[in-house]
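**Q** any chance you can model this:
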Amino acid sequence: MKEIDKKLIDAVKQYRSSGIEQQVDYERFYLYSLITHSTAIEGSTITELENQLLFDEGIAAKGRSIDEQMMNLDLKNAYLFGFEWAKTFAPYTVDFLCQLSAKVMRRTGAGYSTMGGNFDSSKGELRLCNVSAGIGGKSYLSFQKVPGATIDFCNWLNNEISSVNKTDIVACYRLSFEAHYRLVSIHPWVDGNGRTTRLLMNIVQQQLGLVPSIVAKETKEAYIQALIDSRESKDSTIIQDLMIAQHIANINRRIIQYIGNAIDDTIDDTVNDTVNDTVNSSDMDSQLLTLIKEHPEYTYEEYAQKLNVGRATIARHIKKLSGTMIERIGSDKNGYWVLIK
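**A** So this is what the prediction gives:
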């Protein structure tokens, strides 16, 4: 078993035993976080607080475009629909996937007239044109092959869900990440593929009894690059490993948030043995760990500026915390820190 898989198991166990999921409105606010980060990957600037007001009170976010707000409202409705459908354990079909896409694109989709025919993305209809991955990017599967490839995907996913060992957390998460990667690589729709396939990933996780994973907006560049690398090398473990690392980071951030703003308070030992022992040893360690929790993407210079110390001081404390409390994901320039425990 990979070391990262072991860390995933430990993180999920701590999360489950922490009591986080027993908080009032936990599921609602976690859902809002899923939505906010997924739309942010696609360019939305609406915050979680703004989405909470939009979803619960109908209060529009000031200074945000109508399209952004419609994108978030549509994705919320798509998640509610998808999570309810997950409870039925019905088999995955192309029709169901198109229903998901229609929910995602209901108010921001459009009709298209192409050489292949007419189709409407707001209705979740499969694309009838070829698309590429950005300017100069490689072309996705030709549109003529999309229907057959999507049918094959559904057959594969149904077989995998029925055969996977539901007690094997790692296998279940890797299956959900593989489903996301396979479907987004087919790119069945002209728009909304990222949001729809991340939603599908969360639906699979819901069915397998997992904590849904969030692709954080701060990790957008690493996430997209991992998708590209997996596609070009035909090795989906690249994106799987990145998604696992991101999920561990998210879980650990939430554990620390749950235990309170003062990390060195006395808390349940089953949740935070390692954090408590390490952070209490140094005020600087405590302050730095809190800042890393809030801004995993910061550079040494940014941490130093925030804590009003020299870069060398930050480097010394990060070196001490590395391997026990924090771990670097990605390059020095484009990577980020994750909390191990």
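**Q** and the residue nearest to L183 when sequence neighbours are not counted, what element?
**A** The shortest distance from L183 to any non-neighbouring residue, by CB to CB, 6 or more residues apart in numbering, is to T197 (4.6 Å). Every residue, glycine included, has its C-beta placed from N, CA and C. Element membership for T197 (DSSP states H and E) is helix 193-207.
**Q** outside of that helix, which residues touch it?
**A** 34, 38-39, 41-42, 75, 78-79, 82-83, 85-86, 89, 97, 100-101, 104, 157, 161, 172-173, 175-177, 179-180, 183-184, 187, 189, 211-213, 215 (CB atoms under 8 Å, 6 or more residues apart in numbering).
**Q** run the last query once more with 6 Å
**A** Helix 193-207 is touched from outside by 38, 42, 75, 78, 82-83, 86, 100-101, 104, 176, 179-180, 183-184, 187, 212, with contacts defined as CB atoms under 6 Å, 6 or more residues apart in numbering.
**Q** what's the following helix or strand past it packed up against?
**A** Per DSSP H and E, the first helix or strand lying C-terminal to helix 193-207 is helix 220-233. Counting contacts by 3 or more CB pairs under 6 Å, 6 or more residues apart in numbering; DSSP states H and E, helix 220-233 is packed against helix 237-258.
**Q** tell me the buried residues in the helix it packs on?
**A** 238-256, 258 (16 or more other CB atoms under 10 Å).
**Q** can you check stretch 218-225 too?
**A** So for stretch 218-225, counting by 16+ other CB under 10 Å, buried means E218, T219, A222, Y223, I224.
**Q** same question, stretch 304-314
**A** A304, L307, V309, T313, I314.
**Q** so D191 belongs to a helix, correct?
**A** No: assignment of D191 by DSSP: H, G, I helix; E, B strand; the rest coil gives coil, placing it outside any helix.
**Q** name the nearest residue to it, ignoring sequence neighbours.
**A** That would be S121: by CB to CB, 6+ apart, it lies 5.2 Å from D191.
**Q** low-confidence stretches in the stretch 51-200 of the chain?
**A** 134-137 (pLDDT under 70).
**Q** quick check: angle from the host helix or strand of K293 to helix 237-258?
**A** Element membership for K293 (DSSP H and E) is helix 283-294. Angle between the axes of helix 283-294 and helix 237-258 is 120 degrees (criterion: axes from the mean of the first three to the mean of the last three CA atoms, to 10 degrees).
**Q** give me the neighbour count for the nearest residue to E221 once chain neighbours are set aside.
**A** Spatial nearest neighbour of E221, excluding adjacent residues (CB to CB, 6+ apart): N334 at 5.7 Å. By other CB atoms under 10 Å, 12 other residues sit near N334.
**Q** quick check: N334 vs Y303, distance?
**A** 17 Å (CB to CB, to the nearest Å).
**Q** quick check: domain ranges of this protein?
**A** Using automatic domain parsing, the domain parsing of the chain gives 3-254, 259-339.
**Q** just the endpoints, please. Distance across the shortest one?
**A** Translated: domain 259-339. End-to-end span of domain 259-339 (CA to CA, to the nearest Å): 14 Å.
**Q** likewise for stretch 317-331?
**A** 19 Å.
**Q** so how far is it from its chain's centroid?
**A** Taking the mean of its C-alpha atoms, stretch 317-331 sits 22 Å from the chain's own mean (CA atoms, centre = their mean, to the nearest Å).
**Q** how far away is the residue lying farthest from the centre of the chain from S65?
**A** Most distant from the centre of the chain: M115, at 35.4 Å, with distances by CA atoms, centre = their mean. Distance from M115 to S65, counting by CB to CB: 31 Å.
**Q** ranges for the helices of the stretch 51-200 of the chain?
**A** 66-86, 94-104, 146-163, 169-186, 193-207 (DSSP state H, counting those that start in this stretch).
**Q** compute the inter-axis angle for the shortest one and helix 146-163.
**A** Regarding helix 94-104 and helix 146-163, their directions subtend 100 degrees when assessed with the same axes, to 10 degrees.
**Q** in PDB, list the C-alpha atoms belonging to helix 94-104.
**A** Extracted in PDB, the C-alpha atoms of helix 94-104 (Å, rounded to 0.1, in the frame of the first residue of the first chain):
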ATOM      1  CA  VAL A  94     -26.400   7.900 -20.300                       C
ATOM      2  CA  ASP A  95     -29.800   9.400 -19.800                       C
ATOM      3  CA  PHE A  96     -29.100   9.900 -16.100                       C
ATOM      4  CA  LEU A  97     -25.700  11.600 -16.800                       C
ATOM      5  CA  CYS A  98     -27.400  13.900 -19.300                       C
ATOM      6  CA  GLN A  99     -30.000  14.700 -16.600                       C
ATOM      7  CA  LEU A 100     -27.100  15.700 -14.300                       C
ATOM      8  CA  SER A 101     -25.600  17.900 -17.000                       C
ATOM      9  CA  ALA A 102     -29.000  19.500 -17.800                       C
ATOM     10  CA  LYS A 103     -29.300  20.400 -14.100                       C
ATOM     11  CA  VAL A 104     -25.800  21.900 -14.100                       C
END
